[in-house]
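K.L.:
here is my input; please provide its structure:
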Amino acid sequence: MLSSLKNVFRVPDLRNKLLFTLLIIALYQLGANIPVPGIDFHQIQTLESQVNGGVFGFLNLFSGGAIARAALFGLGVMPYITSSIIIQLLTTVIPKLEEWRDQGAVGEKKITQTTRYLTIALALMQATGLAFIFHDGGTGLLSSNGRPVDLIPHFTVPRVLFIVLTLTAGTALVMWMGELVTQRGIGQGMSILIFANVVASLPSAGRIILADAGVFKFVVVFVVAVAILVAIVFVEQGQRRIPVVFARRVVGRKMYEGGNSYIPLKVNQAGVIPIIFASSILYFPVLLASIIPWAPFRSFVNNHLVSSTSLFYISIYGVLIVMFTFFYVQVSFDPHQQSEIIRKQGGYIQGVRPGPNTERYLGQILNRITFPGALFLAAVALIPAILLALWHVNNVPFAGTTLLIAVGVGLETLKQIDSQLTMRNYDGFLR
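P.N.:
You can find the predicted model right below:
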């Protein structure tokens, strides 16, 4: 491992990419610790944060605790991730987006620009909701000694607009930093920032479990976490390879040799996106409850969506994860499009006729491996939370999700570094 790490620093280009990525992570952490102007800093210091549960706690996890600190990067990467998922889902519904997708690099630029505009719109909406939550405590989301904390005592229109614009500008800056990492650093920018946030929360989570549950329960949680870690690695690497045979063909004056290849279908084809999207959907009622002065609606949100230990929250969260797993997999891997690509390239799946038969075959295989993948995602997200809730440790509700993100992003980043080292005739990490 150490020799492989030396190889990374032997390559000037790879070393510069790694240092640039670390610099961006450091700048992000700086912005995640600077409070927004107009926020009462003394109230933040005395705040006993209750944002570790429910969907608000999920956003706090992804922002590296910036929401609890009312920081410049309080919204984090969530608006960009949500807008990216929405655009990707709408690509199969809106013909214009589908046309852009088929245009290649030019269409990708247009889709990226549309994603940025949607990110700013979502950031404005979420920043407005956060401003109201900072003011009235968000029905118990922010409290000290059991009482709601007012982080904006002078709640005037100019001050609220300034805070909303500052949070939105912070989101735009985070989006730019993530794209810089993708272009000039190592790995996918937004994933790297999320990875840094969730990994930074692991030591404090372990300390909380040890303090609240004791040594024995801490050891049990540690063993369960290691088992989940092994299961995540096993499932993340698992895939169904569908063999494809390509015949020899002539295009113009060139002859292309045939050969055998395969289509890799991962068991966890959707990654962590269904968990993110399910949390984003559950987050909107929390924001609306802070703005809409309707007592029954606020009471419902406070009783069922604020706390991650309620039976309603766990049930809805699990169902949404399974639903969005199937939905996202069907969008990201279209059997009809894949069968057409195979047919146009002169290939076929052994024992299956090209055309509709190939499409049905791919759809059946996809559904068979997506179902256990969806159940696995729901189990990883909910089982640790249920276990900790039974022991009344409610400050670490997203342990499984944290491990899933850390392992998934870590493996993908190591694969990129490994391929870069292999291209330069160095031994990589994954051997």
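K.L.:
tell me where the stretch 101-250 of the chain has helices.
P.N.:
Ranges of helices within the stretch 101-250 of the chain are 105-136, 157-184, 189-200, 202-213, 215-237, based on DSSP state H, counting those that start in this stretch.
K.L.:
okay, those helices, which one's buried deepest?
P.N.:
Comparing these by mean neighbour count (mean count of other CB atoms under 10 Å), helix 189-200 comes out on top with a mean of 22. Quick note: C-beta positions are derived from backbone N, CA and C, even for glycine.
K.L.:
and it, C-alpha only, in CSV?
P.N.:
Written as CSV, here are the backbone C-alpha positions of helix 189-200 (Å, rounded to 0.1, in the frame of the first residue of the first chain):
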residue,chain,number,x,y,z
GLY,A,189,-15.9,16.5,-7.9
MET,A,190,-19.2,16.4,-6.1
SER,A,191,-18.6,12.9,-4.9
ILE,A,192,-15.2,13.8,-3.5
LEU,A,193,-16.7,16.7,-1.5
ILE,A,194,-19.5,14.4,-0.1
PHE,A,195,-16.8,11.7,0.7
ALA,A,196,-14.8,14.3,2.6
ASN,A,197,-17.8,15.4,4.6
VAL,A,198,-19.1,12.0,5.6
VAL,A,199,-15.7,10.6,6.4
ALA,A,200,-15.0,13.6,8.6
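K.L.:
measure how that helix sits relative to helix 202-213, angle-wise.
P.N.:
Here helix 189-200 runs at an angle of 40 degrees relative to helix 202-213 (axes from the mean of the first three to the mean of the last three CA atoms, to 10 degrees).
K.L.:
just the strands in the protein please.
P.N.:
All strands of the chain, identified by DSSP state E, fall at 48-49, 142-144, 147-148, 239-246, 249-251, 254-256, 259-266, 347-349.
K.L.:
just for the stretch 201-350 of the chain, where's the confidence low?
P.N.:
Within the stretch 201-350 of the chain, the ranges that satisfy pLDDT under 70 run 248-259, 287, 290-291, 293, 306-309.
K.L.:
if we use 50, what do you get?
P.N.:
Under the criterion pLDDT under 50, no range of the stretch 201-350 of the chain is flagged.
K.L.:
can you give me phi and psi for the closest residue to residue 348 other than its chain neighbours?
P.N.:
Using CB to CB, 6 or more residues apart in numbering and skipping residues adjacent in sequence, the residue nearest residue 348 is residue 354, 5.1 Å away. With angles defined as degrees, to the nearest 10, residue 354 sits at phi -60, psi 160.
K.L.:
how about the contacts made by the residue lying closest to residue 152 once chain neighbours are set aside?
P.N.:
Leaving out its chain neighbours, the residue that sits closest to residue 152 by CB to CB, 6+ apart is residue 135, at 4.6 Å. Residue 135 makes contacts with 150-152, 155, as judged by CB atoms under 8 Å, 6 or more residues apart in numbering.
K.L.:
pick the one among those closest to residue 207.
P.N.:
Set against residue 207, the nearest of the contacts of residue 135 by CB to CB is residue 151 (25.5 Å).
K.L.:
so the closest one sits against residue 38, correct?
P.N.:
No: between residue 151 and residue 38 there is no contact under CB atoms under 8 Å: 9.1 Å.
K.L.:
show me which of those two is the more surrounded one.
P.N.:
Neighbour totals were compared for residue 151 and residue 38, and residue 151 leads with 26 against 20 (other CB atoms under 10 Å).
K.L.:
how close does that one sit to residue 163?
P.N.:
With distances taken as CB to CB, to the nearest Å, residue 151 is found 10 Å from residue 163.
K.L.:
who touches both of those two?
P.N.:
In contact with both residue 151 and residue 163: 39, 134, using CB under 8 Å, 6+ apart.
K.L.:
picking that back up, tell me which two in the contacts of residue 135 are the farthest apart.
P.N.:
Checking the contacts of residue 135 with CB to CB, the most distant pair is 151 and 155, at 9.8 Å.
K.L.:
kindly export stretch 83-98 (C-alpha atoms) in CSV.
P.N.:
The C-alpha trace of stretch 83-98 is given here as CSV (Å, rounded to 0.1, in the frame of the first residue of the first chain):
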residue,chain,number,x,y,z
SER,A,83,-31.0,19.1,-9.9
SER,A,84,-28.7,16.6,-11.7
ILE,A,85,-31.0,13.7,-10.7
ILE,A,86,-34.1,15.7,-11.8
ILE,A,87,-32.5,16.5,-15.2
GLN,A,88,-31.4,12.9,-15.7
LEU,A,89,-34.9,11.7,-15.0
LEU,A,90,-36.6,14.3,-17.2
THR,A,91,-34.3,13.3,-20.1
THR,A,92,-36.5,10.3,-20.8
VAL,A,93,-39.7,12.4,-20.6
ILE,A,94,-38.8,15.7,-22.4
PRO,A,95,-38.0,15.3,-26.1
LYS,A,96,-35.7,18.3,-26.1
LEU,A,97,-33.5,17.0,-23.3
GLU,A,98,-33.4,13.6,-25.1
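K.L.:
just checking, what packs against the longest helix that the chain contains?
P.N.:
Secondary structure of the chain per DSSP state H: the longest helix is helix 356-390. Contact here means 3 or more CB pairs under 8 Å, 6 or more residues apart in numbering; DSSP states H and E; on that basis helix 356-390 packs against helix 215-237, strand 239-246, strand 259-266, helix 273-291, helix 311-332, helix 335-344, strand 347-349, helix 399-423.
K.L.:
which one, of those, ends up nearest to residue 198?
P.N.:
helix 399-423 (4.7 Å).
K.L.:
one step back: figure out which of the helices of the stretch 101-250 of the chain is closest to residue 332.
P.N.:
Closest among those, once you apply CB to CB, is helix 105-136, at 14.3 Å.
K.L.:
one step back: tally of neighbours for the residue nearest to residue 348?
P.N.:
That count, for residue 354 with other CB under 10 Å as the rule, works out to 16.
K.L.:
how far away is it from residue 339?
P.N.:
When residue 354 is compared with residue 339 (using CB to CB), they lie 7 Å apart.
K.L.:
cool, and residue 133?
P.N.:
Counting by CB to CB, the separation of residue 133 from residue 339 is 48 Å.
K.L.:
cool, and residue 197?
P.N.:
On the measure of CB to CB, residue 197 and residue 339 end up 40 Å apart.
K.L.:
picking that back up, buried residues of the longest helix of the chain, list them for me.
P.N.:
Residues of helix 356-390 classed as buried by neighbour count (16 or more other CB atoms under 10 Å): 358-359, 361-363, 365-366, 369-370, 373-374, 376-378, 380-382, 384-385, 387-389.
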